[in-house]
Every structure is written in structure tokens, then in C-alpha cells.
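here is a sequence with its predicted model. Questions after.
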Amino acid sequence: QEELVESGGGLVRAGDSLTLSCAASGGALRTHAMAWFRQAPGKEREFVGSITRIGSFTLYNDSVKGRFTIQRDDEQKAIHLLMSSLKPDDTAIYSCAAGSGVPMTDPTSWAYWGQGTQVTVSS
């Protein structure tokens, strides 16, 4: 059983940067692709970005491309979401996921989920 635990959320101002982390137990990083999703109040869960198991290839939602970066840290068994130039529209609960990721943008492609961490961006 894979366990994912997110951390790093908080309240920031527009334009600030913030880094989220997802600690993965078991063999999640060795055996699965990883992704970040977010869900704002009253909205559906939205794909943020993903990183493949082999080659660490990344894919991003157009709304965060150029502002967000996903990194793998195999030594710490974690992935990180580096967020910059944050906007109020980025306010959401951010969750990491592990799984086959086919297709990457579909939440149902991901078998394991963390509890999420709240990110609030004030204007």
C-alpha cells in the first residue's frame, strides 16, 4: 500500500512563491508515475502536472506552465511542486497522486492519493 503525504501549503500573496512536497512511502517513486492535482471550492479536480517514473518527463496544465515545476527527489522519496508567480486563481487544495497515469490528466488514472494541502493566494 502506497502512502502519500503532502506538506508545504499555506497562505501567500499574489506573486509569491511556494513549494509543496509529497512524501511517498513504499515503492511509489520506483514503480509509479507521480502527479499533482488541485481542487478549488465548487470546482472539479484539475490536473496540475505530472512526472514520469522513467526519464522524469514532465507535463503541465497550460494554466501553470512556466510558473510551476515538478521535481523528483529519489533520495528523499518525494516529489516537489515549485510554484512561483502565484495568482488568486491558484487557490485550491493540492493533492499528489501515484499510479500509471494513462492518461496523465485524468484523475481516474491515478490509484493512490494523498490527503491534500491547502494553498491560499490573496490578492
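Nice, I can see it. Numbering: from 1, shown residues only.

drop to CA atoms for contacts and neighbour counts, all remaining ones
Noted.

what residues sit buried inside the worst-scoring helix or strand of the chain on mean pLDDT?
Considering only helices and strands, the least confidently modelled element of the chain by mean pLDDT, DSSP states H and E is helix 28-31, at a mean of 80. By neighbour count on 16 or more other C-alpha atoms under 10 Å, the buried set for helix 28-31 is 28, 29.

would you mark the buried spots in stretch 2-12?
For stretch 2-12, by 16+ other C-alpha under 10 Å, it's 2, 3, 4, 5, 6, 7, 9, 12.

over to stretch 44-63?
Applying 16+ other C-alpha under 10 Å to stretch 44-63 flags 45, 46, 47, 48, 49, 50, 51, 52, 53, 59, 60 as buried.

give me the subset of those that lies in strands.
Of the buried residues of stretch 44-63, the ones assigned to strands by DSSP state E are 46, 47, 48, 49, 50, 51, 59, 60.
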